[in-house]
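> Give the three-dimensional model of this entry:
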Amino acid sequence: MKKAKYNVIGVMSGTSCDGIDLAHCELSVTDDNQWGYSIIKAQTIPYNSLWQRRLSAAVTLDNTAVQALDLAYTSLLNRTILDFIHEFKISELDLICSHGHTVWHKPGQGITWQIGNLESIAQGLPCPVVCDFRTQDVALKGQGAPLVPIGDQLLFQEFDACINLGGFANISYQLQDAPTIAYDLCPINIVLNYWANKLGSDFDENGHYARLGTVHPELLKQLNTLDYYRLTPPKSLGMEWVQSNFYPLYERFNLNPKDWLATAARHMVDQIHTSATKFDRVLLTGGGAFNGFILELLDEAAPLKFFVPNKALINYKEALIFGLLGVLRYRGEVNCLASVTGAIRDHSSGVIWNPVGR
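Okay, here's the model as predicted:
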């Protein structure tokens, strides 16, 4: 049903495996298709150590083990969403829109699997759940990623480009009346957290450890010349790519963690800056936007180009946009752009599960 305002919860879990983001949002649309938003309540529920280990190791599991993990993770999402609704006394919800958690992403082989999208996610919930946004795009010969650019296009038109610094960095932009372009830039937190863990921390807070390290010129050169960076969009990254390209370099160079963090941060800034040279105003969100070291390096490279918004938008922009993706799917409108993913056509992607057990 189409209407002017929607009361939704967007749910997101990224490749950093730090937790489940939930954002209770109001999304509005005018008769001439101008969208607006407000984030009413938002919360991140951290994964406990067991779930962090399970999700981090999921890429190595066989099909049967992933199916079992999918069932358990769907149950976890269901309980987490119910707790969020009860804690904040949320009522009159139109939709819950959930990304799930990516385990396998090999679009070249026609494979993408986000666990947490089974019908049981809707058990006991007060409204329909829209989920599993990537599978249809891969079936249509697309990358299945990135999906956020439609939200950037509809909600953040005042910026020339939007960059999210999550497990991976990705960019989206639209030049004049041309189709939207978006793609993954490079790994960010999925690599930085790996080395921070070696130093006994969950993440490198404010880039503290990276500041203490020394950039290794030869390693930086090899990182910046990885084949992926020469590919033209559409293109996307997954954990499998990190394992095949970064892990061998870990072993070959055998640096201490602080030097790895310093070199990886410099590499990431190089890739971000290169992608943003043609823009004047770039929105930065995602957990990496709290990394002061990376922000300082970006500001040195291009003063006043990169805009960091309020904390709520930094943390919950992706959850907000998956709320929008769910609303677009529910309205039967395009939420997946062929110009971004390489699919054979624009389409409206996502599975809708109606509430059960109420």
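> Pull up the gap between Ile344 and Ala338, please.
7 Å (Cβ to Cβ, to the nearest Å). No exception for glycine: its C-beta is placed from N, CA and C like everyone else's.
> Looking at these two, which is more packed in?
Neighbour comparison, Ile344 and Ala338: the larger count goes to Ala338, with 19 against 12 (by other Cβ atoms under 10 Å).
> Identify the residues contacting the more buried one.
Applying Cβ atoms under 8 Å, 6 or more residues apart in numbering, we find Ala338 in contact with 142, 179, 344-347.
> Neighbour-wise, which one of those residues leads?
Counting by other Cβ under 10 Å, top hit in these: Gly142 with 26 neighbours.
> Run through this protein and note the low-pLDDT ranges.
Regions of the chain meeting the criterion pLDDT under 70 cover residues 1, 357-358.
> where do the contact lists of Ile344 and Ala338 overlap?
Gly142.
> Strands of the stretch 201-350 of the chain, residue ranges please.
Using DSSP state E, counting those that start in this stretch, the strands of the stretch 201-350 of the chain run over residues 282-285, 306-307.
> residues in contact with the first one?
Contacts of strand 282-285 with the rest of the structure, by Cβ under 8 Å, 6+ apart, involve 152, 156, 159-165, 276, 295, 298, 305-309, 313-315, 317-318.
> Could you pick out the buried ones from the residues you listed?
Buried residues within the contacts of strand 282-285, counting neighbours by 16 or more other Cβ atoms under 10 Å: 152, 156, 159-165, 276, 295, 298, 305-306, 313-315, 317-318.
> Just the residues you listed: which are in helices?
Of the buried ones among the contacts of strand 282-285, the ones assigned to helices by DSSP state H are 152, 295, 298, 313-315, 317-318.
> will you turn those into a markdown table that also has distance to Thr64?
Below are these laid out as a markdown table (distance: Cβ to Cβ, whole Å):
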| residue | distance to Thr64 |
| --- | --- |
| Asp152 | 38 |
| Leu295 | 44 |
| Leu298 | 44 |
| Leu313 | 40 |
| Ile314 | 38 |
| Asn315 | 35 |
| Lys317 | 35 |
| Glu318 | 30 |
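> now, among those, which is nearest to Trp195?
Of all these, Trp195 sits closest to Leu295, with 18.6 Å by Cβ to Cβ.
> Distance check, the closest one against Ile272.
11 Å.
> With Gly36 instead?
Distance from Gly36 to Ile272, by Cβ to Cβ: 28 Å.
> Those two: which is more packed in?
Ile272 (25 against 12).
> give me the element the nearest residue to Gly238 once chain neighbours are set aside is part of.
Closest residue to Gly238 apart from its sequence neighbours, by Cβ to Cβ, 6 or more residues apart in numbering: His105 at 3.5 Å. Assigned by DSSP states H and E, His105 belongs to strand 101-106.
> Can you name every helix or strand that that strand contacts?
helix 63-87, strand 111-115, helix 239-245 (3 or more Cβ pairs under 8 Å, 6 or more residues apart in numbering; DSSP states H and E).
> Could you rerun that using 6 Å?
strand 111-115 (3 or more Cβ pairs under 6 Å, 6 or more residues apart in numbering; DSSP states H and E).
> Please enumerate the helices of the protein.
Under DSSP H, the chain gives helices at 49-57, 63-87, 135-139, 149-155, 189-198, 208-212, 217-224, 239-245, 247-253, 257-275, 292-301, 311-331, 338-341.
> what about dumping the CA coordinates of the fourth one to CSV?
Output for helix 149-155, consisting of C-alpha atoms alone and laid out as CSV, is shown next (Å, rounded to 0.1, in the frame of the first residue of the first chain):
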residue,chain,number,x,y,z
PRO,A,149,23.1,3.9,-3.6
ILE,A,150,19.4,4.1,-4.3
GLY,A,151,19.1,5.5,-0.7
ASP,A,152,22.0,7.9,-1.4
GLN,A,153,20.2,9.1,-4.5
LEU,A,154,16.9,9.6,-2.8
LEU,A,155,17.9,10.9,0.7
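> Mind listing residues that contact that helix?
Helix 149-155 has contacts (Cβ atoms under 6 Å, 6 or more residues apart in numbering) with 35, 37, 162, 172, 180, 182, 321, 324, 335, 337, 340.
> Switch those residues over to a markdown table; also include distance to Ser98.
As requested, the contacts of helix 149-155 are arranged in a markdown table below (distance: Cβ to Cβ, whole Å):
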| residue | distance to Ser98 |
| --- | --- |
| Trp35 | 20 |
| Tyr37 | 18 |
| Cys162 | 22 |
| Ser172 | 21 |
| Thr180 | 23 |
| Ala182 | 21 |
| Ile321 | 13 |
| Leu324 | 13 |
| Asn335 | 14 |
| Leu337 | 21 |
| Val340 | 21 |
